[in-house]
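> Sharing a model that was predicted from the sequence below.
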Amino acid sequence: MRFDPLWMKVVAMLAVVAGHIDVDALPADPAATLSVKGASSRQTSAVVKAIGEELGASSFHAYLKKHYDDGRLRSILGNGPATVFVPNNDAARVFPWPAKRSDDPADVDMEIDIVRKHIVVGHQIDYRRMGSNEARPYRASTVDQYSAQLVVRNGKGGPSVNCARILGRPHQVEHTFIYLIDAVLPLSNGDFGINSTFDQCNPQLPNA
């Protein structure tokens, strides 16, 4: 029997929303994320609120809320499984973000892209279900494929994503897991045109 791939995706998405699919069974292939185009913004709104009020990550929350309010990130999380890595206040405050009051479209796009590089759509990532020292790659929600890979490890020194340590267990909001991390996720070398501690970790899988 022949199946239409689009039909299969629709059924899979409905199953996720209904809670009838094991999100941990979803493939770890970075490109294998579920489409959420046209999804409602309810889950995104709840996640934005939780990051500011329940996790207290006010610095990163300010950027996320700014672009939620202006509509640019309104429905990025959709209704399906997702994971958001949230830099704590100490990390977000020292990161070289574009100028907050800049009206330069390039600065605005860069700011949004940084936020999106902390979001994985289509996967409810739970490091507690990974094997010892296991690493899995995921694709961040950015359109910039050059530096979009996130590698989550359940390492001997504790869980991590790229060079950032994961601080504690996931905070769950509907179908989204939220983790506090101790650094803004490192981007590929050259993203900011600077040499700093922020661009010295290129994610590598074991034996890669």
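Yep, it's here.
> can you give me the strands in this structure?
Along the chain, the segments classed as strands by DSSP state E run 82-87, 119-121, 135-139, 149-155, 158-161, 164-173, 176-181.
> just so I know, which of those lies nearest residue 74?
Evaluated with Cβ to Cβ, the strands of the chain place strand 119-121 nearest to residue 74, the distance being 13.2 Å. Using the backbone N, CA and C atoms, a C-beta is placed for each residue, glycine as well.
> just for the chain, where's the confidence low?
1-40, 100-101, 143-148, 186-208 (pLDDT under 70).
> all helices of it, in order?
With helices called from DSSP state H, the chain shows them at 5-18, 42-53, 58-69, 89-94, 105-116.
> Tabulate those helices (TSV), appending distance to residue 139 and mean neighbour count.
Converted to TSV, the helices of the chain look like this (distance: least, Cβ to Cβ, whole Å; neighbours: other Cβ atoms under 10 Å):
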stretch	distance to residue 139	mean neighbour count
helix 5-18	16	13
helix 42-53	18	19
helix 58-69	19	19
helix 89-94	22	15
helix 105-116	11	17
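> so how many other residues sit close to residue 125?
26 (other Cβ atoms under 10 Å).
> Could you check how far the residue lying closest to residue 182 once chain neighbours are set aside is from residue 173?
The shortest distance from residue 182 to any non-neighbouring residue, by Cβ to Cβ, 6 or more residues apart in numbering, is to residue 165 (4.7 Å). Using Cβ to Cβ, to the nearest Å, one obtains 21 Å as the distance from residue 165 to residue 173.
> Looking at the two, which one has more neighbours?
A side-by-side neighbour count of residue 165 and residue 173, using other Cβ under 10 Å, places residue 173 first with 22 against 16.
> re earlier: give the contact list for the residue nearest to residue 182.
158, 159, 181, 182, 183 (Cβ atoms under 8 Å, 6 or more residues apart in numbering).
> export the strands of the chain to a markdown table and tack on distance to residue 110?
Formatted as a markdown table, the strands of the chain follow (distance: least, Cβ to Cβ, whole Å):
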| stretch | distance to residue 110 |
| --- | --- |
| strand 82-87 | 16 |
| strand 119-121 | 16 |
| strand 135-139 | 19 |
| strand 149-155 | 18 |
| strand 158-161 | 21 |
| strand 164-173 | 19 |
| strand 176-181 | 20 |
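> Deepest in the core, which of the ones you listed is it.
strand 82-87 (a mean of 26; mean count of other Cβ atoms under 10 Å).
> Check which helices and strands that one is in contact with.
Helices and strands touching strand 82-87, as assessed by 3 or more Cβ pairs under 8 Å, 6 or more residues apart in numbering; DSSP states H and E, comprise helix 42-53, helix 58-69, strand 119-121, strand 164-173, strand 176-181.
> Indicate each strand paired with it and its parallel or antiparallel sense.
Using DSSP bridges, strand 82-87 pairs in its sheet with strand 119-121 (antiparallel), strand 176-181 (parallel).
> If anything else comes up later, I'll come back, but that's it for now.
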